[in-house]
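> what follows is a predicted structure for the sequence shown.
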Amino acid sequence: MNMSSFVVELFFICVVAGLAGSLLGIGGGIIVVPVLTLVFHVDIRLAIGASIISVIATSSGAAAAYVKEHLTNMRVGMFLEVATTTGAITGAYVAGLVSQKVLYVVFGVILAYSAVQMFRGHFRDIDRPVPKDALADRLQLHDAYFDEAEEREIRYKVTHTKFGLFLMYIAGMVSGLLGIGSGALKVPAMDLAMRLPMKVSTATSNFMIGVTAAASAGVYFARGEIDPFVAAPVAAGVLVGAVGGSRMLPRLKNGFIRTLFVVVLLIISIEMLYKGVA
Amino acid sequence: MAGKEVVDSSQVLGDDARAEALRKQLEKIHRAESVISAVLRIGVVLSLSVVVVGVIVSFVRKPGTYLHDNAINKALLTKSSNYPHSLSTVFSGLSHLQGEAIIVFGLIILLATPILRVLVSAVIFAFQRDRYFVPITVFVFLVLVTSFLLGKAGG
């Protein structure tokens, strides 16, 4: 294979990664890393460097639209970034202390459990009362968004803010430790604990993942793991896909996004368990 | 996870004074949102354009890199890239109109966009005199700067 077909093929695959990532609030690393290593036989370090680029591109490319359309709850996102960024630094420092295989198994199990809980969310009464949360009141996190699929404004209250903050610290730490998978933990945390509507959860996760990734991007860049010929088609493809996805999400139903997310979460969980056991 | 105290949402939103406060809050948020959305959009469009220009320049200057079979193996199967990965080599590459350096410069714009977004939010919250979100966003910004500096020392 020559470089030009590599660049073109990688670009189109990354459009799909950007599309999926922007709809689900994850970085697209779960598509980009296996494709680069298994299909194109690119070195794993360059593949992870490219996945960092993919996360930032997905985040910024789609967030421009989600923020403007008020699908992202920026206050929730910015507050939780306190925990994700600190968690990411902690993760980078304790990386040598814990066995990666054990981590993969632990988070594979956590993600599988989250997938089951999120699937049960289909049958949850949407109007069941949300527990009062003083911190969410004080920080004015409660919000509303206009749902184009349902053609009505949906008001929602945020709860369990402290627990959510703790989960985000863990999510940040995982992304610092394993390099991937932070969005996969952020969305269940916002959906299950903080009770944000599904689309708000993915749009807010999408908003946050760029910052968590940017915190570690400097390291990868300095180590020379961001190769221009790998990263250029990844960045361009993912950006195009993310902008496309951001046009679609407002019109998709919360239930559909939930189903899609559960499926992808199960795939990531299997991928992690496999890495832990193999 | 189950909370002890449960309130009906209408009870809170029904209160006139609180509804008015919420409306003002939403207005502030909308203003912040259009600025932040613009920052992200500009960052994305700028980085994408620079990356595309870089790819075109590198193709025009060294078509062999793209068209020779197996050129990809040499370039991509190494553990770390031979291409510019310090700011000084990027800028010297830019002055020589080196395609790779232009691509990397575009990627740096992409990496800088979320960090700039945090900084801009801090400024917006400062203007809006938001006593919780100024310290929150400033803290996040400082953590990002710290992690960049630590990364450089470690890398």
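In hand now; what should we look at?
> quick check: next helix or strand after the least confident helix or strand in chain B by mean pLDDT?
Lowest by mean pLDDT, DSSP states H and E among the helices and strands of chain B is helix B:9-13, with a mean of 50. Sequence-wise, the next helix or strand downstream of helix B:9-13 (DSSP states H and E) is helix B:16-61.
> distance from that following helix to the middle of the chain?
10 Å (CA atoms, centre = their mean, to the nearest Å).
> which stretches in the stretch 151-278 of chain A count as strands?
For the stretch 151-278 of chain A, strands defined by DSSP state E, counting those that start in this stretch occupy the ranges A:152-156.
> hey, what's the residue in chain A positioned nearest to chain B bridged with?
The minimum distance from chain A to chain B, using CB to the nearest CB, falls at residue A:131 (2.5 Å). Yep, even glycine has a C-beta here, placed from its N, CA and C like the rest. With DSSP bridges as the criterion, residue A:131 is bridged to residue B:6.
> excluding its backbone neighbours, what's nearest residue A:141?
residue A:158 (4.2 Å; CB to CB, 6 or more residues apart in numbering or on different chains).
> isn't that neighbour up against residue A:134?
No - taking contacts as CB atoms under 8 Å, residue A:158 lies outside contact range of residue A:134: 11.5 Å.
> looking at the two, which one has more neighbours?
Legend: neighbour count by other CB atoms under 10 Å in any protein chain shown for residue A:158 and residue A:134, higher for residue A:158 (26 against 10).
> from residue B:106, how far out is that one?
37 Å (CB to CB, to the nearest Å).
> need the CA coordinates for stretch A:203-222. PDB is fine.
Only the C-alpha atoms of stretch A:203-222 are listed here, as PDB (Å, rounded to 0.1, in the frame of the first residue of the first chain):
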ATOM      1  CA  ALA A 203     -23.300  16.200  24.400                       C
ATOM      2  CA  THR A 204     -21.800  17.200  27.700                       C
ATOM      3  CA  SER A 205     -19.400  14.300  27.700                       C
ATOM      4  CA  ASN A 206     -18.400  15.300  24.200                       C
ATOM      5  CA  PHE A 207     -17.800  18.800  25.500                       C
ATOM      6  CA  MET A 208     -15.500  17.500  28.300                       C
ATOM      7  CA  ILE A 209     -13.400  14.800  26.600                       C
ATOM      8  CA  GLY A 210     -11.400  17.400  24.500                       C
ATOM      9  CA  VAL A 211     -10.100  19.000  27.700                       C
ATOM     10  CA  THR A 212      -9.100  15.700  29.300                       C
ATOM     11  CA  ALA A 213      -7.300  14.700  26.200                       C
ATOM     12  CA  ALA A 214      -5.600  18.100  25.800                       C
ATOM     13  CA  ALA A 215      -4.200  17.600  29.300                       C
ATOM     14  CA  SER A 216      -2.200  14.700  28.000                       C
ATOM     15  CA  ALA A 217      -1.700  15.800  24.400                       C
ATOM     16  CA  GLY A 218       1.500  17.700  25.300                       C
ATOM     17  CA  VAL A 219       3.200  14.600  26.500                       C
ATOM     18  CA  TYR A 220       2.400  12.600  23.300                       C
ATOM     19  CA  PHE A 221       3.500  15.500  21.200                       C
ATOM     20  CA  ALA A 222       6.800  16.000  22.900                       C
END
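> what helix or strand is residue A:140 located in?
With DSSP H and E as the test, residue A:140 turns up in no helix or strand.
> now do the same contact list for it.
By CB atoms under 8 Å, 6 or more residues apart in numbering or on different chains, residue A:140 lies in contact with A:75, B:25.
> repeat that for residue A:249.
Per CB under 8 Å, 6+ apart, neighbours of residue A:249: A:22, A:23, A:62, A:66, A:71, A:199, A:202, A:203, A:257.
> so in chain A, where's the weakest helix or strand by average pLDDT?
For chain A, counting by mean pLDDT, DSSP H and E, that's helix A:29-34 with a mean of 84.
> that one: which residues count as buried?
By 16 or more other CB atoms under 10 Å in any protein chain shown, the buried positions in helix A:29-34 come out as A:29, A:30, A:31, A:32, A:33.
> likewise for stretch A:237-253?
Buried-residue list, stretch A:237-253, by 16+ other CB under 10 Å: A:237-246, A:249-250, A:252.
> do stretch A:41-59 as well
Of all the residues in stretch A:41-59, those buried under the rule 16+ other CB under 10 Å are A:42-43, A:45-59.
> what about those residues, which are in helices?
Among the buried residues of stretch A:41-59, the members falling in helices (DSSP state H) are A:45-59.
> so, low pLDDT: which residues of chain B?
Scanning chain B for pLDDT under 70 picks out B:1-14, B:65, B:67-85, B:151-155.
> at 90 what do you get?
B:1-32, B:58-101, B:144-155 (pLDDT under 90).
> returning to what we had before: I'd say the residue of chain A closest to chain B and residue A:161 touch.
No - the criterion here is CB under 8 Å, and residue A:131 misses it with residue A:161 at 10.8 Å.
> who's more crowded, those two?
Using other CB under 10 Å, the more surrounded residue of residue A:131 and residue A:161 is residue A:161, with 21 against 16.
> let me see the mean pLDDT of stretch A:62-70.
The average of the pLDDT scores along stretch A:62-70 is 94.
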